[in-house]
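# I need the structure of the sequence given here:
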Amino acid sequence: MAELRKLAHPFHPLYDEASEIIILGSFPSVKSVKEGYYYANPHNRFYAVMSALLNEDLVSVDWNEKKRILLSHHIALHDVIGRCQIEGSSDATIHNPQPSRLKAILAESNISRVYCNGQKAYALYQKYFSDIPLPVEVLPSTSPANAKMSLSELIEVWSKALNK
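Residues are numbered from 1 along each chain as shown. I've put the predicted structure just below:
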């Protein structure tokens, strides 16, 4: 049994005033917390999907370059949960979640579309932020836990959504 971690969100949201799209996860994995950035687990397919969508390499570059590329495409990243208890990295083990400061991010940016990376992020978004008058869409999780979808299937679904 993994240790129950009691955590505040460990790193800053990625956004700037020009951000138009925000992609929300649920809460960082153990590997992301250790590495200090979003989707740091090499088995998470987020950067492979984004590389295909943006036609830029986000897989083999460091976090500073990932940030630069995402922001240049007006893409922001954060998580729905700002604080919780979690066992390991599994969304299924999240206890006592508290919302992130998403509303402040929206007030400081030009975000007009919200995408949730996975069902847990979407369910928590609906619980805490259903009053936000922006379109929100749930996308299949890029997590390695979503083994039923291939990388090419993820790219296809994410591309249809983000290229609207």
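# which stretches of the protein form strands?
4-8, 21-25, 75-79, 81-87, 95-99, 113-117, 136-139 (DSSP state E).
# Can you tell me what sits against the fifth one?
In other words, strand 95-99. 4, 27, 80-86, 124, 128-129 (Cβ atoms under 8 Å, 6 or more residues apart in numbering). Bear in mind the C-beta positions are built from the backbone N, C-alpha and C, glycine included.
# ok so, going back, closest one to residue 53 among the strands of the chain?
Nearest to residue 53 among those is strand 75-79; the distance by Cβ to Cβ comes to 9.4 Å.
# distance between the closest one and the chain's centre?
Distance, stretch centre to chain centre, for strand 75-79: 6 Å (Cα atoms, centre = their mean, to the nearest Å).
# Then stretch 100-120?
Distance, centroid of stretch 100-120 to centroid of chain: 10 Å (Cα atoms, centre = their mean).
# Take it, keep the C-alpha atoms, and write them as PDB.
Taking Å, rounded to 0.1, in the frame of the first residue of the first chain, the C-alpha atoms of stretch 100-120 are listed here in PDB:
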ATOM      1  CA  SER A 100      -7.300  25.100  -7.000                       C
ATOM      2  CA  ARG A 101      -7.200  28.900  -7.700                       C
ATOM      3  CA  LEU A 102      -8.600  28.500 -11.200                       C
ATOM      4  CA  LYS A 103     -10.900  31.500 -11.000                       C
ATOM      5  CA  ALA A 104      -7.900  33.800 -10.300                       C
ATOM      6  CA  ILE A 105      -6.100  32.300 -13.300                       C
ATOM      7  CA  LEU A 106      -9.100  32.900 -15.500                       C
ATOM      8  CA  ALA A 107      -9.200  36.500 -14.300                       C
ATOM      9  CA  GLU A 108      -5.600  37.100 -15.200                       C
ATOM     10  CA  SER A 109      -5.600  35.500 -18.700                       C
ATOM     11  CA  ASN A 110      -7.600  35.400 -21.900                       C
ATOM     12  CA  ILE A 111      -8.700  31.800 -21.400                       C
ATOM     13  CA  SER A 112     -11.900  31.100 -23.300                       C
ATOM     14  CA  ARG A 113     -11.900  27.200 -23.400                       C
ATOM     15  CA  VAL A 114     -11.400  24.700 -20.700                       C
ATOM     16  CA  TYR A 115     -10.300  21.100 -21.300                       C
ATOM     17  CA  CYS A 116     -10.200  18.400 -18.600                       C
ATOM     18  CA  ASN A 117      -7.600  15.700 -19.000                       C
ATOM     19  CA  GLY A 118      -9.600  12.700 -17.800                       C
ATOM     20  CA  GLN A 119     -12.900  12.000 -16.100                       C
ATOM     21  CA  LYS A 120     -11.700  12.700 -12.500                       C
END
